Structure formats: structure tokens, C-alpha cells
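>>> Structure, please.
(2 chains)
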Protein chains: 2
Amino acid sequence: MFFTKNSIRSTGQLLLRKSFSSSIIARAQAPLDASKLIINQTTTPKQKLPNEKLVFGKTFTDHMLEIEWTQENGWGTPVINPYHKLQLDPSTIVLHYAFELFEGMKAYRDSQGNIRTFRGDKNMIRMNKSADRICLPTFDGEELQKLIDKFLIVDKSFVPEGNGYSLYLRPTLIGTTESLGVSTPDRALLYVIASPVGPYYSSGFKPVSLEATDYAVRAWPGGVGDKKLGANYAPCVKPQLQAAERGYHQNLWLFGEEGYITEVGTMNVFFVFQHEDGKKELITAPLDGTILEGVTRDSVLELAREKLPANEWIISERKYTISDVAEKAAKGQLVEAFGSGTAAVVSPIKSIGWNGQEIEVPLAAGNSGELTKQVAEWIRKIQYGEEQYKDWSRVAQ
Amino acid sequence: MFFTKNSIRSTGQLLLRKSFSSSIIARAQAPLDASKLIINQTTTPKQKLPNEKLVFGKTFTDHMLEIEWTQENGWGTPVINPYHKLQLDPSTIVLHYAFELFEGMKAYRDSQGNIRTFRGDKNMIRMNKSADRICLPTFDGEELQKLIDKFLIVDKSFVPEGNGYSLYLRPTLIGTTESLGVSTPDRALLYVIASPVGPYYSSGFKPVSLEATDYAVRAWPGGVGDKKLGANYAPCVKPQLQAAERGYHQNLWLFGEEGYITEVGTMNVFFVFQHEDGKKELITAPLDGTILEGVTRDSVLELAREKLPANEWIISERKYTISDVAEKAAKGQLVEAFGSGTAAVVSPIKSIGWNGQEIEVPLAAGNSGELTKQVAEWIRKIQYGEEQYKDWSRVAQ
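A predicted model of the protein is given here:
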């Protein structure tokens, strides 16, 4: 309902400024530089919670990492400050037009007391893709990883001990221009906060029930469903409440008349089919622009290709439908299914409500399928430094 | 990439709390009540800008209206405070998951010095629909209108004088829960800020050129494109920059293989076709869930049905495609086209780039079509109280 001369003007001016001064910007816009880090230690350290009282994303460490960006000067000095409230003008664009994106990562304490992160380089690549899509500034991912390492050293004592415990990291990028015009942000703030968290499954897996959802659509071709933007999250809460009212834990997001399976809740999703020739197929939807490019998804695929015998397994990224799943289930050829994501690594699925029927998913290993259990253990070992795999685990120093 | 036990838990708990205490909530959750308003006058009034220096959404009045909401207690005491920064914890859900929505309204100074708003009841209805869609709290729209009236009286001196000048009002609702779990907000803040603005067209219309856009898709059936959510805006900026790089002002958003015309930039869009039987047709896309329910759109339709001779005009809300427009243009039957929105009322369109061709849109009245000019004048007269039409103009008192 607004499309003002001024917002056109401000965009137009920005474009002019950009093309006019591309050489100036090349000279003046500073890149993100971890070596400039300033650390302001807290003088009022927090009381730490015992492991059993940790709640996801509710309490945070003593500090936060912050870097301001401006159109004129580029990235400013990185600072680790005592954790504090943000002061935002009520006209700030993040509050009106959702100029916001984030990442989810975890830091783990290994048996030597080192703090490790898992495939953070993938998070940096995705964060930059998200930023580019909504005209927020991009940055050198390795520099942000170095800064996150320093932040982890400063707040090392908050990384909980124990298998399954970790420090959840939330890199966040918001547009901070103070103006109601809809145009490219000329101010931004990148910050990282950290929350100590317990294991997703404290006493074994708890498999979830899903409602196959087609009346609400999470993502579409030409949209932004493959980016980790705030915009993709708020609209998913009401459909989840509606599924919960009907007794299901989460939505299984379908797409199109064919009922293509895309994601589950806020996770990627995998199914295992038994084929008649004796082979099993591990299947997930392809990255066609409507699927979040999950780091755990990618890890599951790579490790499955690496570790499962090729004469027994097919590992597929291809389109498949809820009817395919129902048909396999009816023939006794649905083996197992799980969601994948940073928080739980894998989340076993026990049933899917669709079209008035309940598709039961076998749980051969008790509270999960056999492969689900195996995948969780493959990834856990790399995350906690018990097994080395390529450069997937990085020690903060 | 996160879908944690805790976020399920927190949602689950919320659902339990909701059903358990629906009777308690009915007793305890306070409705929005304008009669409780508290006014804290500023002690440092701002210098006012002269009319010619007003820029849309950049400067604000002395005060802002604020109302907090909590799950336990409902709507709190409405307060008009001196304009101030918001203090937000970095984990606040508005910054991560786009729990945010807004409205755009204007207040006009009439020839008697009264301050008038235009069809604010429609904004209140839409704001409540937006809130419901992302599980933010709803409210009695008449109460918020009364509070906005009081706010206008307090900051009356900021409503500029002169035809085309107005005070832009920005009601905003954000989720303020401090937690990284994705679940229903249990805290929210409704606030209204106001920015004095000049006429969209200071010296006559400036018609815009559009690029028909199909590679990026603004809205989808089952999505949230019909709600005024922040989530719909950030993703539209990059396609606009890309159109601007190719020399166009704005995107004409197409949908589907058929190339249905939906919106233009952040406005609804109208075309006028000449039919061979001599009648003209004013046409806009129907409210099928992918189109913003524009207040100006609704006003244009109603006034056109009221004021244009029925034997000469057809007023249509129906699907139509870019091919239809190209075909009409080729036959000399495309009469005019305009966007509609709060800021500009109407914005004439001069050309559309599509498929390598330029569709030229006639501008019979000089810088706009005849009807475009007429519509702008119909609405302006009601907004400034020069003409009374139903209850569309409301005097603040």
C-alpha cells in the first residue's frame, strides 16, 4: 500500500551512487577483518545453569559478537561485547520489511577440552547466499569463522560438558537503516549470540507424527524458501498449531497437485524405500530452489554415499510424492523416515496423517529406524572429535 | 536447520496452556482499551521541517503510541510516549523469524484545520488478519482507531498544511518473545509512529515503466502474499534493483505459466481495455489469496462502480494475463493503466517491458490516462474533507 516517490528516489539514488562510485566503493568499503577484533570483557559474569536446566535458546553466554556495516565504509571493527540489548529506532527496516537472516550452528566440547564447530564453512556460504538475496552485505566467511572461534574462546566456560550437550550459535544479520522507504539497506548489523543447550533426546529418540500439509505452502519456485531468511519462519507457526490441534507434532510440507514432499517442520526430510530388486533407496528432495540447503542434509548424503555399500544402497536426490510413500507403506516397502537438522541431527518419524489415512512408518531399531540411528552416530562422532572426517570439525583457537 | 525438542516443547506447552486455561484467559486477557490511555508529553519538542524538505519515512513526530501485549494478561495500558528507541534483546523473535506486520495510513489537514484519516477501519481489519496469520494478538480495531485519533491530536502540529501534504501513519505489530524457539509469540508490542510527507507528485504525475517479472515470484496460493507482513517485502528488493539496472522503475509481478498479472512493485494494479462493443473495462486481479487487499484498490473499485456510467463501463475483478494486455495494446485497445496505493493513491504506468518487446501504455491526459486522473481527484476530495462519501473520512477528536 505504499510505493512512494521517495522510496523510488531512495532506490534510484542508491543505484546511481553504486554505479557512480563503484571504484570509490572498491577503495573505501572495508572487508570483514577478524584481525581487528576488540574484546570488551564483562564485569558482571552470569551464574551458569546446571546441565539439566538448559532450555534451547532461552539463556545466553556472557558476551556477544557484533560487527556494524555501512554502505559508505563497509564492515566496521568486530567487537566482542558483554551481552546487551539492541537499541533500535522504531523505523528500523528489520522491524517492518524483514531484512533479517540467520544461521544455526553448534560448538561441542571434546574429550581433550577443545571447543569444536561442525562444517561452519557451509553455514558461512549459506549465510552469504541469504544476504545476497535480500540485498544485505556479504562477507568473507573464513573471517567470520575466525571471529566465532575467538568468541568461543572468550565464552568457553559456557560450552557444556557431556555427550549431546553443546553451545548453540546464532549468527544473525539485520538491516538497520532507519527509514520507512522500501529499498536496499545502507546500514546493517551482524551479530552472534550463543545459548548452552542439552541433548535433543535425553533418553533415546522420540519419534514424531506428521500431518501432510497442502493447504499452506512453505516455499515455491521463484521464492526464497531455499534461503535462511526470517521471512520463511513466522508463516509456518499457524499451520503447525493447526496440525497440533489435530494431534500431530509437525507439518510435512507438500508442494503442488502431485503432492511432492519437500520438508518437515523446519528440517529437511529423508525416506528409505525397499526396492523389489533387493536394494534400498535413501531419498530426499533435490535442491530445486524450494528446499533449504541443510548442512545436516548434505552431511547425511555424503556419509551415506561414503559408508553404505553401493551394491545394496541407492542414495537419491530426486522428486517424490506423498502417494509414493503411501504406496510403499501399503506394500510393506517403507523402511524408515527421518528429519535432519542442526538441533536434533536426525529426528525419527513414526507416522504421517494424509487424506484421512495414517501412514505408519516402521521403527525397526526401537524408537527409530536402523539407518536413522546409524546416521546420528556417524555425525555425533565427527562433531565431538571422536572420529576425523575431512575438515568437517574445526577446533577453536 | 533447527527443530528442537525445546521448540516442540514450548509450542506443546503453549497449546496445553491455551486449552487448559481458555476460561482463565477469557477472564484474565485484557482487551485493548483506549479509555486507559496515558500521555507522557515530550520535554524536548523537535524542530519542524519546512514542507519542501519532507522526505517519506525519514523524520518522525514528537511522540509514538505503544501498547504491550502478553499471553498471560492480554493488552496492557496504551501509552503515548516521547519518540524513542526500542530496547530489544538480541534473541527477540521479531529479529529472527519475522514476527512482524504493519499498516500504512495517512492523516490529512482539512480547510477547517481538522485532522482526518481515510478508511482506517479497513486498515484495522487487515491488520487483524495479518496478526492472526502469524499468531500475533488481535484487537478491537475501533479502539486502536480511537488511540490513533488521540495520537494525532497530541502531534497535530506535525500534520503539514497544503494540498497533497499529509502525515503518514505506520501502525506496527512485532513479536517480542525473547527465545530462539520457533513457536507462538507470548509477548508483543503494537506501536504507531508518524512521518510528515509531501505530495507524491509535486508537479504533476510522473508515469513509471515496468518490467514484467516471472523469474521471481512475489506470492503463491497457500502463502501469505495477501497479508501485510514484513516477510513479503525484503524479498522484492533484489528483483526491483535488477529491473532498475535494465532501465525500469518497478516490477510487474506475473504469476504462473499463463503470466497472470498480480501486482506492481508494492501496489495493486489496474488496466483499462476498450472493447469492440464500445464499452470500456476497468480491470484488476481478484482477491484470490495472492493479492494484497488494498484499501485504495477497494476505494477505486467502489467509486468507479458508483460514479462511472454503467452503460459505458464494466468494472471487473478477474484474472487476466500479460498476453491479454499485449494483445489489447497491439490492437489499439489498451486505454490506460495505473498502480494504486496509500502513498500515491494512483501511479500512472507508461510502458511494460515483456518478452523482448515494449508495450506502450497511452497517457491520454498528458502524464496519465483520463480515468487515472479522475480517480486521483475523487479520492483526494474525500481524504481532505472537500466531499463527503459514506464514513470514509474520520475527523480525529
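>>> show me where chain A has helices.
Using DSSP state H, the helices of chain A run over A:5-20, A:22-28, A:94-97, A:120-133, A:141-154, A:234-245, A:295-307, A:322-330, A:370-383.
>>> Worst mean pLDDT among those helices?
Per-segment mean pLDDT for the helices of chain A reaches its minimum on helix A:5-20, at a mean of 32.
>>> Among the helices of chain A, show me which one is buried the most.
Stretch with highest mean neighbour count among the helices of chain A: helix A:94-97 (a mean of 28; mean count of other C-beta atoms under 10 Å in any protein chain shown). Placement of C-beta: from N, CA and C, glycine included.
>>> chain center to that one: distance?
21 Å (C-alpha atoms, centre = their mean, to the nearest Å).
>>> what's that helix packed up against?
In terms of contacts (3 or more C-beta pairs under 8 Å, 6 or more residues apart in numbering or on different chains; DSSP states H and E), helix A:94-97 is packed against strand A:166-175, helix B:94-97, strand B:100-102, strand B:166-175.
>>> can the ones you listed go into a markdown table with extra columns for distance to residue B:390?
Formatted as a markdown table, the helices and strands packed on helix A:94-97 follow (distance: least, C-beta to C-beta, whole Å):
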| stretch | distance to residue B:390 |
| --- | --- |
| strand A:166-175 | 40 |
| helix B:94-97 | 36 |
| strand B:100-102 | 26 |
| strand B:166-175 | 20 |
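>>> Mind checking the ones you listed for the one nearest to residue B:68?
Residue B:68 sits nearest to strand B:166-175 of all the helices and strands packed on helix A:94-97, at 10.8 Å, using C-beta to C-beta.
>>> From residue B:64, how far off is the residue nearest the centre of chain A?
Taking C-alpha atoms, centre = their mean, the centroid of chain A lies closest to residue A:104, which sits 4.5 Å from it. Here the criterion is C-beta to C-beta, to the nearest Å. By it, residue A:104 lies 34 Å from residue B:64.
>>> now do residue A:174
Residue A:174 is 20 Å from residue B:64, by C-beta to C-beta.
>>> more neighbours, these two?
Shown here are residue A:174 and residue B:64; by other C-beta atoms under 10 Å in any protein chain shown, residue A:174 has more neighbours (27 against 23).
>>> pLDDT wise, what is the more buried one at?
On the pLDDT scale, residue A:174 gets 98.
>>> Which parts of chain A belong to which domain?
Per automatic domain parsing, the structural domains of chain A span A:29-197, A:208-395.
>>> Figure out which of those is closest to residue B:178.
Closest approach to residue B:178 among those is made by domain A:29-197 (7.9 Å; C-beta to C-beta).
>>> ends of the closest one, how far apart?
37 Å (C-alpha to C-alpha, to the nearest Å).
>>> quick one: low-confidence ranges for the stretch 201-350 of chain A?
Within the stretch 201-350 of chain A, the ranges that satisfy pLDDT under 70 run A:201-203.
>>> pretty sure residue A:196 contacts residue A:165?
Yes. In this structure, residue A:196 is within contact of residue A:165 by C-beta atoms under 8 Å, at 7.4 Å.
>>> overlap in contacts of those two?
Counting by C-beta atoms under 8 Å, 6 or more residues apart in numbering or on different chains, the shared contacts of residue A:196 and residue A:165 are residue A:54.
>>> Between these two, which is the more surrounded one?
Neighbour totals were compared for residue A:196 and residue A:165, and residue A:196 leads with 25 against 18 (other C-beta under 10 Å).
>>> burial count for the residue of the stretch 1-150 of chain A found nearest chain B?
Nearest to chain B, among the residues of the stretch 1-150 of chain A, is residue A:57, at 2.7 Å (C-beta to the nearest C-beta). Look at residue A:57: counted by other C-beta under 10 Å, it has 25 neighbours.
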